[in-house]
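J.: attaching a predicted model along with its sequence, questions to come.
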Amino acid sequence: MKKIAILVSGKGTNMQHILLAIKNGTLSNFRVNLVISDRCCSAIQYSLKEKIRSFSLEKIKKKFLFKEINNILLKDIPHIIILSGFLSILDEEFCEKWIGKVINIHPSLLPKYGGKGMYGIKVHQEVIKNKEKISGATVHYVSKDVDKGDIILKKSCKIYSEDTPISLSQKVSLIEREILIKSIKNF
């Protein structure tokens, strides 16, 4: 059984999709053994309800955050660490320690619309503002350079003139779920 640790900051929608894929057998040889949050969020409430060992580190000072996450991970070393809407930028030391084990899902076709400050609805607002014809999502390995790690999988969707940042985010969310589950399965 391969162990998954998930780092979250928000609702944990992709975390919920992972748990559902485990329950329905799509990811039958995986289990989520740990959820860590950098702030108080609903994803932690959900993970506790699912009886997953969970940590909310909102009171940890930023300069100690990644050392604390590392200490928690070392107690039950995961095969894969998934950033599921995790908003803190991982430091270089953490990225080097866990190289090849940390993956992220990003709501654009990287390298476009990636980097510091580009997350969630902000990405879709920029895509629409720039009148792009396609968008999508990317699963990639995490490196010290934000959103610049090797790409594992990406998938696109068309953008229509009537699309808004909200409608685009809904389309991209479906793609995120699909390619994240595929990426984990092939890990």
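T.: Nice, I can see it. Numbers count the residues shown, from 1 in each chain.

J.: what about the closest residue to R39 other than its chain neighbours, which SS state?
T.: Using Cβ to Cβ, 6 or more residues apart in numbering and skipping the chain neighbours, the partner closest in space to R39 is E58 (4.5 Å). Just so you know, the C-beta spots here come from the backbone N, C-alpha and C atoms, and that holds for glycine as well. Following DSSP: H, G, I helix; E, B strand; the rest coil, we place E58 in the coil state.

J.: for this protein, which segments are assigned as helices?
T.: Under the criterion DSSP state H, helices of the chain are mapped to 13-23, 42-49, 62-74, 92-97, 121-129, 165-185.

J.: JSON lines please, covering those and showing distance to V35.
T.: Conversion of the helices of the chain to JSON lines gives the following (distance: least, Cβ to Cβ, whole Å):
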{"stretch": "helix 13-23", "distance to V35": "7"}
{"stretch": "helix 42-49", "distance to V35": "4"}
{"stretch": "helix 62-74", "distance to V35": "10"}
{"stretch": "helix 92-97", "distance to V35": "17"}
{"stretch": "helix 121-129", "distance to V35": "23"}
{"stretch": "helix 165-185", "distance to V35": "15"}
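
J.: of those helices, which is nearest I105?
T.: The closest of those to I105 is helix 165-185. By Cβ to Cβ, the value is 4.9 Å.

J.: buried stuff in the lowest-mean-pLDDT helix or strand in the chain?
T.: One helix or strand of the chain scores below all others by mean pLDDT, DSSP states H and E: helix 62-74, with a mean of 92. Burial within helix 62-74, assessed by neighbour count using 16 or more other Cβ atoms under 10 Å, is assigned to L65, F66, I69, L73.

J.: ok, those vs S143, which is closest?
T.: Taking Cβ to Cβ as the measure, F66 is the one of the buried residues of helix 62-74 closest to S143, at 14.5 Å.

J.: give the full set of residues in contact with the closest residue to the closest one other than its chain neighbours.
T.: Of all residues not flanking F66 in the chain, F94 sits nearest, at 4.2 Å (Cβ to Cβ, 6+ apart). By Cβ atoms under 8 Å, 6 or more residues apart in numbering, the contact list for F94 reads F66, I69, N70.
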